[in-house]
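# below are the sequence and a predicted model; questions follow.
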Amino acid sequence: MIRTVLAAALFLLAALPTVFTVPANASTAVFDGEELTMTSGTALRRAPLSSVLRGRTAWRTVFDAAPNLIERSQCLPPSFSRCLLTLRQPGEAGRQGTRILEIDVDSGTAIEGGFQTDFGPNAASWYDDRRILFAGDSGAGTLTLAGTPRLLKLWTRGTELNTAQTILALVEGSTDMTPIFDVSTGGLFHAATLQDETGTDMLFHFGWAQNFVRSRLPARFTFQDFFQGRAISLLGATWNGIPAGGLASYPMGPLMGPKRLTIPEQAYVPPAGFGIERARGGRDRLFVQLRGAAGDRLIDVRVGSPKWRERRINVPGDGPIELLAVSKLADVALVRRSGKLHAVGRGRAREVTAP
């Protein structure tokens, strides 16, 4: 079953890019295969990618989580009908943390016997079609003294959370453990980011046997995305000749192979006066949002030798640009500027009607 899901997902070139958490009255976006999915308040809505590319976005509501707010959604390829929602209560009650809920967007209902938790310091990501990676409160000893997740667990649908297999345990003082799942043109990848007790950023990758391998990134970095079989990170310190503030890449094959090699590549270094806000991978292009005193820019870069090739992308309007999501089917980026949404990167820019 796992291999079937993987093969179908790769055939579709579908992906699960990281979704940005934004205020409850704003929205998050992700391309789920041939659909664009957006959250806004309590509602999860979808529109066909084809309607986005035609400039006639056709939204439909697929789930309403009222009275809770949807903070994040992540849907499982190849059908993208099963989704993990991260929910938050409105107002002061939202301080109690988040709740994980598995839903079926075809029926618009929570899945009976599916994954769900109480509110707490929870984070989750798909592992395969019957298991998820979970970091949160699963009983005594699973949180640090500060109340953050200490254990990363592999939880099987239909079983009790407190019986889930522990695959990574943090030492006291570690924080910000975040599980990651991504399917792209380069393969299927599982990872976890965290910060240890000394404040050092860490990124672990692992395979089907949960064989964790730590990448040899510097002590300060921010993981961005997987792109064409590579991990992409924004450096906070110089690493193997790649300056701080640049994007570093390394291929996953050598890292997960017998020699566990982290082979650095310079993906992109911004021009003077600009910094990188975020980067997200498409099918053939890595989209990069830049910010500087002269304003915001959006570019994309393609893998090349001896250096990756860049191209500036026109985004209509003035003011700050926010890169929301990237399609790994169509190499299209969804951006927000001047209060409007645009699909850019493939042909002319198209305005996307907000749901």
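Perfect, I can see it now. Predicted model, so just to flag it, every value in this text is computed and none were measured.
# give me phi/psi at the closest residue to R214 other than its chain neighbours?
Leaving aside its chain neighbours, R214 sits nearest to F204 (5.3 Å; criterion: Cβ to Cβ, 6 or more residues apart in numbering). (Glycine included, C-beta is placed from N, CA and C.) Per-residue torsions, F204: phi -110, psi 140 (degrees, to the nearest 10).
# now P254
Here is the backbone geometry of P254 (degrees, to the nearest 10): phi -60, psi -30.
# tell me, how many residues neighbour it?
The tally of other residues near P254 (other Cβ atoms under 10 Å) stands at 13.
# so how far is T156 from it?
Separation of P254 from T156 (Cβ to Cβ, to the nearest Å) stands at 31 Å.
# next one: L324
Distance of L324 to T156, given as Cβ to Cβ: 33 Å.
# out of those two, which sits in the more crowded spot?
Neighbours per residue, other Cβ under 10 Å: of L324 and T156, the larger number sits with L324, 26 against 16.
# so which helix or strand takes in D225?
Per DSSP states H and E: D225 is located in strand 221-227.
# now that strand: buried residues?
Neighbour counts using 16 or more other Cβ atoms under 10 Å place F221, F223, Q224, D225, F226, F227 of strand 221-227 among the buried residues.
# ok and the helix or strand just after it relative to strand 221-227, angle-wise?
Using DSSP H and E, the helix or strand that follows strand 221-227 in sequence is strand 230-235. Using axes from the mean of the first three to the mean of the last three Cα atoms, to 10 degrees, the inter-axis angle of strand 230-235 relative to strand 221-227 is 150 degrees.
# tell me the strands beside the helix or strand following strand 230-235, with direction?
Using DSSP H and E, the helix or strand that directly follows strand 230-235 along the chain is strand 247-251. Here strand 247-251 is paired, per DSSP bridges, with strand 230-235 (antiparallel), strand 265-268 (antiparallel).
# now render those strands as JSON lines, adding mean neighbour count and mean pLDDT.
Listed next are the strands paired with strand 247-251 as JSON lines, based on neighbours: other Cβ atoms under 10 Å; pLDDT from 0 to 100:
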{"stretch": "strand 230-235", "mean neighbour count": "23", "mean pLDDT": "97"}
{"stretch": "strand 265-268", "mean neighbour count": "20", "mean pLDDT": "97"}
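# make TSV from those and add distance to T98 to it.
Below are these laid out as TSV (distance: least, Cβ to Cβ, whole Å):
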stretch	distance to T98
strand 230-235	25
strand 265-268	32
